[in-house]
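**Student:** Fold the following for me, if possible:
(one chain, ligands or ions: 1)
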Amino acid sequence: MQITLRFVAADAPEIQGEHELRYQVLRKPLGYGRDAVAFDFDDDSYHLLAFSADEVVGCVLFHPESPLTGRLYQMAVDPRLQSAGLGRRLVAELETRLQRDGFREVTLHAREVAAGFYGRLGYATVGAPFEEVGVPHRHMAKTLRSS
Ligand SMILES: CC(C)(COP(=O)(O)OP(=O)(O)OC[C@H]1O[C@@H](n2cnc3c(N)ncnc32)[C@H](O)[C@@H]1OP(=O)(O)O)[C@@H](O)C(=O)NCCC(=O)NCCS
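**Tutor:** The predicted structure follows:
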């Protein structure tokens, strides 16, 4: 199956598929409704989507918080495609774009169960565990190399 990655604008029609994936993978399993999917800074964020034909099967977002740093969030891979390298591909492609755009650091709130994934990609935990959306999380961060 060929999976292609593409950045899309926050108001692109493909965002509907992104929202559905975010709901199915990140919100529904925790008992939240579709109304809990969107963040108020989505419009100001990068949206990198993975497509199988026209279907959105992966996503990762990044919200710039300064010209040098920002937060990666809403990282999700379709359960049928997990553990096959797509998450790694999404983060690598996002980081390449961010380096090109001058960012030097990526931070994120990792669910404790996903912290090992980010660790494999070079992210380090920072500070104490905390709770968000009812599950344990860790602050994590990575310094990007200058391009
Ligand atoms: C977490 C998630 C994004 C990872 O994507 P993926 O496509 O399954 O991961 P990959 O196959 O690219 O894995 C890359 C590496 O991380 C490891 N890894 C993947 N998920 C992991 C996890 N939950 N814990 C520890 N290591 C993990 C893989 O074994 C692989 O290791 P390698 O370096 O030996 O190859 C995906 O499983 C997912 O969507 N999970 C549910 C939603 C979620 O938890 N999102 C994160 C919210 S913070």
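**Student:** Packing partners of the host helix or strand of residue 93?
**Tutor:** When elements are defined using DSSP states H and E, residue 93 is found to belong to helix 86-100. If contacts are counted by 3 or more Cβ pairs under 8 Å, 6 or more residues apart in numbering; DSSP states H and E, helix 86-100 sits against strand 3-8, strand 46-52, strand 55-64, strand 69-77, helix 115-120. From N, CA and C alone the C-beta is placed, and that goes for glycine too.
**Student:** Now render these as TSV, adding mean neighbour count.
**Tutor:** Listed next are the helices and strands packed on helix 86-100 as TSV, based on neighbours: other Cβ atoms under 10 Å:
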stretch	mean neighbour count
strand 3-8	15
strand 46-52	21
strand 55-64	21
strand 69-77	21
helix 115-120	16
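**Student:** okay, how far is it across stretch 72-86, tip to tip?
**Tutor:** Using Cα to Cα, to the nearest Å, the end-to-end distance of stretch 72-86 comes to 16 Å.
**Student:** How far away from the center of its chain is that stretch?
**Tutor:** In this view, stretch 72-86 has its centroid 9 Å away from the chain centroid, taken as Cα atoms, centre = their mean, to the nearest Å.
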